[in-house]
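[1] Turn this into a model:
(2 chains)
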Amino acid sequence: MKRIAIVEDEAAIRENYKDVLQSHGYLVQTFANRPDAMLAFQTRLPDLAIIDIGLGDEIDGGFTLCQGLRALSPTIPIIFLTARDSDFDTVTGLRLGADDYLSKEVSFPHLLARLAALFRRCEQLKAPATPDNLLTRGHLTIDANRIQVYWRDLPIELTVTEFWMVHALARHPGHVKSRTELMQEAKIYVDDSTITSHVKRIRKKFIAADTEFDCIDTVYGMGYRWDSQSS
Amino acid sequence: MIRLPLGLRAKVVILSLFLLCLPWLGYQYVWEMEKYLRHGQERTLEGTTQALATALHERPRLFDSQASFLSQVEKRKDLYAHPLSGPIQLDGKLDDWEPYRSKAMHYGADMQLMRGSQSSLSFNHMIGRYGNYLYAFFEVTDPTPVYRGRNSLRVDRNDYLAIATLDGSNFFHRYVVATQKDGWVNAFELPADPQLSLPALPEVRIQGQWHTTALGYNIELRIPLEMLGGKISFALHDVNNPKNRELVGITGTSRTDSPDNLGTVLVPSPEIEAIIKGMGHNSARIWVVDRHGRVLARSGDIKNSDSIWTKAIGNERPEGAFEHWVQEYLYPLYYRVLTKPPEDFIDGLQDSTELEGSHIQRALSGKPGSTWRLTPDNKAVVLAAASPIWIDDKVMGAVVAEETTHGIRTLRNRALEKLFNVILTIMSMGTLALFFFASNISSRIRNLRDQAESAIDAQGRVKASISPSQSLDEIGDLSRSLAGMVQRLSQYTHYLENMSSRLGHELRTPVAVVRSSLEHLSMLSLGDDRQKYVDRAQEGVSRLSLILANMSEATRLEESLSQSDKVRFDAKAVIKGCVQGYQITYPGVALALTVDEGDYPLRGVPEYLAQLMDKLISNALEFMTPGTPINISLSHSHKKLKLCVTNQGPLLPEDMAERIFDSMVTVRPPGQDNKPHLGLGLYIARLIAGFHGGDIKAENLAGNDGVRISVSMPLESAL
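    Purely as a prediction, here's the structure:
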């Protein structure tokens, strides 16, 4: 049984999430503040941590906790589940080593899917890739099982949200995906400009691996498409 | 009250015009000073006359006792010897007398001493003095001159001139001038007894010329002064018939037969002249008159009388270039106002033999007096003062001194020149200083105003802070308090601006609680009658989420705008792309795009421009009348891009054209549909337009059937 730690200062949300996760067969530990959580983690690491950013008095307690947790284990999946949805917080959270950054508007099924995806990636990373689950578009290779993307055989470190967006775009190259469609694919509910900034970040990550990268095409007023031709 | 659009500088300059009172004050002061100077001059001149009078008091010998004791003198009987400027050449021609001809007197029928009907003799006559001689001429009009017989011893059987005089020792003398022919003549002395005409002894000291003229004859005479006393008479005896040689008439100054009938003669006294000659170096012209106002002596020249004043002032010449400039340009200006004492003027009293005036009247009545008068040509003012001369409690005459006011006027002019120079300097420096002071103040105030104006934009947002001034005066205080005010305002505005995002953030957690709880509820199997309430609650929560997302969208956009890197892109391509997208997305709506020729290079973020288009189009879609088209036009002018989105539909309410771009402002009628509206769409549009350096405005169409929203943004100059 997977052990999940929830660090959340709002009791009602904490209990609601705990209930839903427990009903789906996870073992759930809840913590109301950072020191308690950290103490428990130092004793025994969970399989996955869901962390809120604002923890009681500590405005950025979640970020500190994420750093501490990442120091204990470089591989443990960490999800930020927070009400703070500014770009700045998102970027900070992901930079600190979180695997995903979710808004508290996320619905239970969505959250469960994310958890499942993350666990699957952890599992699959240990096992060798199975070729039948690979999606290849030019230099792009998507391993849907391991939630992993490769460009010219180089792994691109994408968050789960970003992964699903790339996946949605690359599945039908040349087709324009509107922002709404991308939101549905990535199973997040945010506004248009967040999608725009996600796409920008994805581009940056690819460009960091290959300065020639120019496969994500903006179709103004409509959305984005994967353009295999230009690669 | 009249309100003039005057700046501080203009006001200060106008106020400094009060400095112009200074020259007026100075002028008044100098004017007053001149009054005192005149007064002083009057006293000085009176003093001079008194001093001179003192020298003449109690010296009866100096005065002609005969005439002086007369209560009045008769013109033509009582004679006055005019001082002559040179000796007269005794030639019978009267050229030498020309300068004095105006003083000559006419003796005609009214002066006949013996009435004879046949005599038509008349003559012009005057006497003058030069040196120790008395000169006289007689211009006789006599149609029948009869000369003395060649062999006759008698001198009275022809036309002759009789002279009677009382000498210095009061002896009576009678003389006759008669001639046989034109030429040199001497007198004959007759016995003192008027009955006798013989013996006639030649008197060679009386010399003259007899000259026949077309009208009659001229006689010129010279008599030594020592032969004369205070009385004299001249009489011309006329004989018309050379046969019987009878006397037909006598015309003359007075009767010559007895000492009592003689007229007086006033010969200006050489002694007095000698006394007042010492005063000749005085600044004034000095006269001594007898009690009849007749001039006894005169000294000095009034035209040079201001020398003492001019000497006192000194005739400084300009030294430096500045003084030269002042002399060259300013003084002519001053002398448009000031009057320069005239170099030359007409002196009415130049050769007067008799003086009149209130001052003389006063002096002759025993008190010193003075008077001012204008010269006949009105060019100069002459001050005259007179003091009485006393002999035994009797006023025997007066000393009169005259002076022009040129000295005072020159002095006044100098004072005014200096005053004007100083005032001009002070005024120009003062005005300049005031002007610079006012300029400094007004520029500081303008600077402050500009800062204050740019600190808050048309929407009331704080744009920039005011840099507080360091100066310690009131403007510095004002600047500092304005800076503090803007600072506090900006903090408050910042607080307000963050309100929605913080509120959104704060609300998000309870919404998450409700949402997750509702999800739990919906997972439980409830009956249909209960499930519908859960569904409604969930719908409400999702609307709440949408509102929260909208609320944070604007804030997020502002944040990300401030971090975005601008790139150069083609606006035409973006807008064309967007419109194509809308045409696919909203197939039921007619979207028409018109694009003017040309390039539309913009510096900014193309995604944001697309977002701007989204907002404009969704706004137009919401308000359009169904079935009408939405027109989009893209044009450029003056290096600016202009994007217009026009839709037909309800008009903008009045006064809302600006406000609809503000956050949380919407003009939708409430309850139209279920979607929440926060009025953020156009706010975001304005944010993006502002990010690209442009602005956005909304207006009703000319036909009042719709609304146009136009965005203008500066184009990048083509590379």
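
[2] going forward, measure contacts and count neighbours with C-alpha atoms only.
    Fine.

[3] Which residues of chain A lie near chain B?
    Taking CA under 8 Å from any CA of the partner chain as the test, the list of chain A residues beside chain B reads A:10, A:12-13, A:16-17, A:20, A:83-84, A:86-87, A:104-105, A:107-108, A:190-191, A:193, A:196, A:219-222.

[4] Just the ones of those in helices?
    Taking DSSP state H, the ones among the residues of chain A next to chain B that sit in helices are A:12-13, A:16-17, A:20, A:87, A:108, A:193, A:196.

[5] I figured A:D52 hits A:A5, correct?
    No: in this structure, A:D52 sits apart from A:A5 without contact. The criterion is CA atoms under 8 Å, and the distance is 11.2 Å.

[6] So these two - more neighbours on which side?
    More neighbours surround A:D52 than the other of A:D52 and A:A5, with 32 against 24 (other CA atoms under 10 Å in any protein chain shown).

[7] From B:V185, how far out is the closest residue to chain B within chain A?
    Using CA to the nearest CA, the point where chain A gets nearest to chain B is A:G221, with a distance of 3.9 Å. For A:G221, the distance to B:V185 under the criterion CA to CA, to the nearest Å works out to 146 Å.

[8] count of residues packed around B:V265?
    Other residues within reach of B:V265 by the criterion other CA under 10 Å amount to 22.

[9] for B:Y600, that is, sorry about that
    Using other CA under 10 Å, B:Y600 has 24 neighbouring residues.

[10] for it, what are its contacts?
    B:570-572, B:636, B:641, B:715-716 (CA atoms under 8 Å, 6 or more residues apart in numbering or on different chains).

[11] Quick check: which of those are also close to chain A?
    Taking CA under 8 Å from any CA, there is no overlap between the contacts of B:Y600 and the neighbourhood of chain A.

[12] touching chain A at all, the host helix or strand of B:L496?
    Secondary-structure element containing B:L496, defined by DSSP states H and E: helix B:474-523. Yes: taking CA under 8 Å from any CA as the criterion, helix B:474-523 and chain A are in contact, through B:505, B:508-509, B:512-513, B:515-517, B:519-520.

[13] what is the mean pLDDT for the very next helix or strand once past that helix?
    Following the chain from helix B:474-523 toward its C-terminal end, the next helix or strand by DSSP H and E is helix B:528-563. Per-residue confidence for helix B:528-563 averages out to 80 on the pLDDT scale.

[14] what's the angle between helix B:528-563 and helix B:474-523?
    Orientation note: helix B:528-563 sits at an angle of 150 degrees relative to helix B:474-523 (axes from the mean of the first three to the mean of the last three CA atoms, to 10 degrees).

[15] Which positions within helix B:528-563 qualify as buried?
    When burial is assessed from 16 or more other CA atoms under 10 Å in any protein chain shown, helix B:528-563 yields the following buried residues: B:534, B:538, B:541, B:544-558, B:560-561.

[16] likewise stretch B:336-350?
    For stretch B:336-350, burial by neighbour count (16+ other CA under 10 Å) applies to B:341, B:347.

[17] again, but for stretch B:28-48
    Across stretch B:28-48, burial judged by 16+ other CA under 10 Å covers B:30, B:34, B:37-38, B:41-42, B:45-48.

[18] Which of the residues you listed fall in helices?
    For the buried residues of stretch B:28-48, membership in helices holds for B:30, B:34, B:37-38, B:41-42, B:45-48, with DSSP H as the criterion.

[19] quick one: which of these is nearest A:A113?
    Within these, proximity to A:A113 (CA to CA) peaks at B:V30, which comes in at 108.9 Å.

[20] who's in contact with that closest one?
    B:V30 makes contact with B:412, B:415-416, according to CA under 8 Å, 6+ apart.

[21] Put the buried members of the residues you listed into a ChimeraX selection.
    Selecting the buried subset of these in ChimeraX, with 16+ other CA under 10 Å as the burial test, is done by:
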select /B:412,415,416
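
[22] Serialize the contacts of B:V30 to JSON lines and add fields for distance to A:F119, pLDDT and secondary structure.
    Formatted as JSON lines, the contacts of B:V30 follow (distance: CA to CA, whole Å; pLDDT from 0 to 100; DSSP: H, G, I helix; E, B strand; the rest coil):
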{"residue": "B:R412", "distance to A:F119": "115", "pLDDT": "82", "secondary structure": "helix"}
{"residue": "B:A415", "distance to A:F119": "111", "pLDDT": "83", "secondary structure": "helix"}
{"residue": "B:L416", "distance to A:F119": "109", "pLDDT": "82", "secondary structure": "helix"}
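
[23] Can you lay out the contacts of B:V30 as a markdown table showing distance to chain A?
    Output for the contacts of B:V30, formatted as a markdown table (distance: CA to the nearest CA, whole Å):
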| residue | distance to chain A |
| --- | --- |
| B:R412 | 88 |
| B:A415 | 84 |
| B:L416 | 83 |
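
[24] Okay, now the unreliable bits of chain A?
    Applying pLDDT under 70 to chain A flags the ranges A:127-132, A:187-193, A:229-231.

[25] Just the closest residue of the stretch 251-400 of chain B to chain A, please.
    Among residues of the stretch 251-400 of chain B, the one nearest chain A by CA to the nearest CA turns out to be B:F322. It sits 74.9 Å away.

[26] Out of the contacts of B:Y600, name the ones that lie in helices.
    B:571-572.

[27] For chain B, just list every one of the helices.
    Along chain B, the segments classed as helices by DSSP H run B:8-16, B:21-56, B:65-68, B:270-277, B:307-313, B:321-325, B:331-337, B:358-364, B:406-455, B:474-523, B:528-563, B:571-585, B:606-623, B:681-691.

[28] Could you list the residues in contact with the last one?
    With CA under 8 Å, 6+ apart as the test, helix B:681-691 has contacts from B:554, B:557-558, B:561, B:604, B:608-609, B:611-613, B:615-616, B:619, B:660-663, B:695-696, B:711-713.
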